[in-house]
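Novice: give me coordinates for this.
(chains A and B)
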Amino acid sequence: NAGVTQTPKFRILKIGQSMTLQCAQDMNHNYMYWYRQDPGMGLKLIYYSVGAGITDKGEVPNGYNVSRSTTEDFPLRLELAAPSQTSVYFCASSPGTGFWTQYFGPGTRLLVL
Amino acid sequence: QQQVKQSPQSLIVQKGGISIINCAYENTAFDYFPWYQQFPGKGPALLIAIRPDVSEKKEGRFTISFNKSAKQFSLHIMDSQPGDSATYFCAAQSFGNEKLTFGTGTRLTIIP
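Specialist: Below you'll find the model as predicted:
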């Protein structure tokens, strides 16, 4: 099992550009999450999904969009990138609700200039 | 209130010493408290977790102490080793809620 994979590892964007951060998991987990991590701020939830076709906003959803057409994939779309979106983005998955471990991917480092 | 407050922000401990990281919460509905460990360039990974029906949980050199009345929990790393140098996040969750609420993280450095 590859677990949770993310691409790309690193990307530089110009202000106003758009991009999609890819996330895939091969553990057949229903729940998937997108977080951003900023220094000293911990992990902030952007969006999450409880299954294919179902997504919901987290704590900091503005400027982002998601879709979940399959159990395996949960891409995060950035429209009109802004410097405030410079961050490290982590995707995670979990088998279900209740007290299940979240498994994190290796992260995507994004720099918006 | 969903916040989980974590301290200190950074911690330097000598090899062989005890590392202690503290967290506090407000939401009494929280009933699951995991700790995640993150090495540089990697994603966080579950280290140890506790339910509030026990006051302490130990796994090897790692111990969670839980004080329900004070709404506080802490991670103790005994005999700290350089390989323990990482960022540690506490988190909290209420049953049936799909989301974890994370603390702000503690960067731990173990020096020889």
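Novice: quick one: what helix or strand has residue 110 in it?
Specialist: Reading this off chain A. Assigned by DSSP states H and E, residue A:110 belongs to strand A:108-112.
Novice: wait, chain B was what I had in mind.
Specialist: Using DSSP H and E, residue B:110 maps to strand B:106-111.
Novice: which helices and strands does the strand holding residue A:110 pack with?
Specialist: In terms of contacts (3 or more Cβ pairs under 8 Å, 6 or more residues apart in numbering or on different chains; DSSP states H and E), strand A:108-112 is packed against strand A:10-13, strand A:19-25, strand A:87-94. For glycine as for every other residue, the C-beta is placed from the backbone atoms N, C-alpha and C.
Novice: without its sequence neighbours, what residue ends up closest to residue A:25?
Specialist: Residue nearest to residue A:25 in three dimensions, not counting chain neighbours: residue A:93, with 4.3 Å by Cβ to Cβ, 6 or more residues apart in numbering or on different chains.
Novice: what is the burial count for that neighbour?
Specialist: Residues near residue A:93, counting by other Cβ atoms under 10 Å in any protein chain shown, number 27.
Novice: who's in contact with it?
Specialist: Applying Cβ atoms under 8 Å, 6 or more residues apart in numbering or on different chains to residue A:93 gives the contacts A:4, A:25, A:27, A:29, A:31-33, A:74, A:102-103.
Novice: so which of those belong to helices?
Specialist: With helices taken from DSSP state H, there is no overlap with the contacts of residue A:93.
Novice: narrow those residues to just the buried residues.
Specialist: Listed as buried from the contacts of residue A:93 are A:4, A:25, A:29, A:31-33, A:74, A:102-103; burial here means 16 or more other Cβ atoms under 10 Å in any protein chain shown.
Novice: could you dump these into a markdown table with pLDDT added?
Specialist: Listed next are those as a markdown table, based on pLDDT from 0 to 100:
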| residue | pLDDT |
| --- | --- |
| A:4 | 97 |
| A:25 | 97 |
| A:29 | 94 |
| A:31 | 94 |
| A:32 | 96 |
| A:33 | 97 |
| A:74 | 98 |
| A:102 | 92 |
| A:103 | 94 |
